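Novice: next input, structure requested:
(4 chains)
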Amino acid sequence: MLIRVQEQPLDLAEAVRAVEHPSAGGLVTFSGVVRDHHDGKRVVAIGYEAYGTMAEAKMRQIAEDVIRRWPDSRIAILHRTGKLEIGEASVVIAVSAPHRAEAFDACEYAIDTLKQIVPIWKKEAYENGEVWLEYEHRLAQDSAR
Amino acid sequence: MLIRVQEQPLDLAEAVRAVEHPSAGGLVTFSGVVRDHHDGKRVVAIGYEAYGTMAEAKMRQIAEDVIRRWPDSRIAILHRTGKLEIGEASVVIAVSAPHRAEAFDACEYAIDTLKQIVPIWKKEAYENGEVWLEYEHRLAQDSAR
Amino acid sequence: MRLFARYRELAGTGSLELDVPAKSTALDVFDRVAESYPDMRSMRQSTLMAIESEFVKPQTELTDGEELALMPPVSGGC
Amino acid sequence: MRLFARYRELAGTGSLELDVPAKSTALDVFDRVAESYPDMRSMRQSTLMAIESEFVKPQTELTDGEELALMPPVSGGC
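Specialist: Next comes the predicted model:
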């Protein structure tokens, strides 16, 4: 299990290597990439801020969920912070599993859950200003004790 | 669109580069990897044979389907032939799309359809013999004129 | 015509030249080949047939000079 | 206590030391901070709260020395 929040550019190959295994028949990766537009506005730059220790703890919790729900799966989750350029990856997830449907399901579950419970925030800069994105997520509130 | 049947090892990074694009927010890859066992038997080696020209034509047809069904998506499909070792990739698919759910759906559609209509056959070698795998697929037969 | 995978091994070759009567169907050709290689007979129902790289139904008639391919069910991917 | 993203910018700092009465809840602390930074008030319903890196309900009471984090809804990933 490879879990890391980092300022340096993400390396898809590192995530893939971390989940390769002789009994894994399917390996699925997801890369979230900074787009050049959002809601019709041209995005010029983007920044991510994390509550670092808690973000890694929540990413680890997601990884443990995945391994429990999809037996014999392996997972890596890398998230970047700081300023990113268009086309750079903000998040990379790799999942291997004995069969391909499991690898797809587990990888999609991981990114969907990450977007709901991992304390990381995105700030988008447009040509005429910048804004923090804040999604309404029921899951993070529900998961509170 | 990158489509190729090849004897050389597949390069995931090449497939990723082929689908990167400034308006792509999500990029999903699938790698099908040779497993060390199948139906409880230890697999020692594996070989793929293709009807090369038809296989590339069918892979191109799948790619065109994907681009039509998921607007603004991009896709690369690489398939290997010849003898492979355990842990090597037999197929690599990369899909980018504006949003992540589209990229997941399109990539899974591509591999599911590939396994049904692309004329490539797998031969598995075990410790005590070898066997051609032949799946019953309704789709290839149905797609006949 | 072309033969692939197990059929290629049974026939000992991946390509054959065959003269067939006018209006022969893909299935007629399969039956003719299967006479020589009896192990193919049990796979009559599941055989995939393609003419000039397009899947066809077994009842499809061949035209002069066309390339027919007889193929076991596919198993590529992973 | 820790403040993140927009809250950090509003407060001009990511961490504050605060003395609060015994049995104060996470929400009590939010309200106290929001007195100083009125732009936070409209986000009272959607604020995420964590104690020692675990999400908690707003009614959760703080214990001596614990670290509370106030956070806008998350938007990481992609």
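Novice: show me what from chain A comes close to chain C.
Specialist: Counting by Cβ under 8 Å from any Cβ of the partner chain, the residues of chain A close to chain C are A:25, A:26, A:100. C-betas here are computed from N, CA, C, even on glycine.
Novice: secondary structure, neighbour count and distance to chain D added to these, as a markdown table?
Specialist: What follows is the residues of chain A next to chain C, written out as a markdown table (DSSP: H, G, I helix; E, B strand; the rest coil; neighbours: other Cβ atoms under 10 Å in any protein chain shown; distance: Cβ to the nearest Cβ, whole Å):
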| residue | secondary structure | neighbour count | distance to chain D |
| --- | --- | --- | --- |
| A:25 | coil | 22 | 27 |
| A:26 | strand | 26 | 22 |
| A:100 | helix | 24 | 22 |
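Novice: and the residue of chain C nearest chain B?
Specialist: Going by Cβ to the nearest Cβ, chain B is nearest to residue C:78 of chain C, at 2.3 Å.
Novice: that residue is in contact with residue B:33, isn't it?
Specialist: Yes - at 6.7 Å, residue C:78 counts as touching residue B:33 under the criterion of Cβ atoms under 8 Å.
Novice: isn't there a helix covering residue A:63?
Specialist: Yes - according to DSSP: H, G, I helix; E, B strand; the rest coil, residue A:63 belongs to a helix.
Novice: which residues does residue A:3 form a beta bridge with?
Specialist: Bridge pairing for residue A:3 (DSSP bridges) gives the partners residue A:77.
Novice: that one against residue A:60, yeah?
Specialist: Yes - if you go by Cβ under 8 Å, residue A:3 and residue A:60 touch, sitting 5.1 Å apart.
Novice: okay, the two: which has more neighbours?
Specialist: Using other Cβ atoms under 10 Å in any protein chain shown, the more surrounded residue of residue A:3 and residue A:60 is residue A:3, with 20 against 13.
Novice: give the residue farthest from the middle of the chain.
Specialist: Since no chain was named, I'll use chain A. For chain A, the largest distance from the centre (Cα atoms, centre = their mean) belongs to residue A:128, which lies 28.1 Å off.
Novice: name the residues contacting each of residue C:78 and residue B:33.
Specialist: By Cβ atoms under 8 Å, 6 or more residues apart in numbering or on different chains, residue C:78 and residue B:33 have these common neighbours: A:25, A:26, B:90.
Novice: run through the neighbouring helices and strands of the host helix or strand of residue A:28.
Specialist: Per DSSP states H and E, residue A:28 falls inside strand A:26-33. Contacts defined by 3 or more Cβ pairs under 8 Å, 6 or more residues apart in numbering or on different chains; DSSP states H and E place strand A:26-33 against helix A:12-19, strand A:89-97, helix A:100-117, strand B:26-33, helix B:100-117.
Novice: tell me the contacts of the most centrally placed residue in chain A?
Specialist: By Cα atoms, centre = their mean, the mean C-alpha position of chain A lies nearest to residue A:91, the distance being 4.0 Å. Residues counted as contacts of residue A:91 (Cβ under 8 Å, 6+ apart) are A:10, A:30-32, A:77-80, A:111, A:114, D:76-78.
Novice: tally of neighbours for the residue nearest to residue C:67 when sequence neighbours are not counted?
Specialist: Distance criterion Cβ to Cβ, 6 or more residues apart in numbering or on different chains; nearest residue to residue C:67, sequence neighbours excluded, is residue C:52 at 5.8 Å. Burial of residue C:52 is recorded as 13 neighbouring residues (other Cβ under 10 Å).
Novice: per-residue confidence at residue C:52?
Specialist: Among the per-residue scores, residue C:52 holds a pLDDT of 94.
Novice: what's the answer for the one 5 residues further on, then?
Specialist: At residue C:57, the predicted lDDT confidence score is 96.
Novice: for chain A, what lies in contact range of chain D?
Specialist: So chain A meets chain D at A:32-34, A:48-51, A:53-55, A:57, A:79, A:90-91, A:111, A:114-123, A:132-137, A:140-141, A:143-145 (Cβ under 8 Å from any Cβ).
Novice: emit the ChimeraX select command for whichever of those are buried.
Specialist: To isolate the buried members of the residues of chain A next to chain D in ChimeraX, using 16 or more other Cβ atoms under 10 Å in any protein chain shown:
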select /A:32,33,34,48,49,50,51,54,55,57,79,90,91,111,114,115,116,117,118,119,120,121,122,123,132,133,134,135,137,140,141,143,144
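Novice: need the three-state assignment for residue A:54.
Specialist: Going by three-state DSSP: residue A:54 is helix.
Novice: quick one: contacts for it?
Specialist: Contacts of residue A:54 by Cβ under 8 Å, 6+ apart are A:119, D:50, D:53, D:69.
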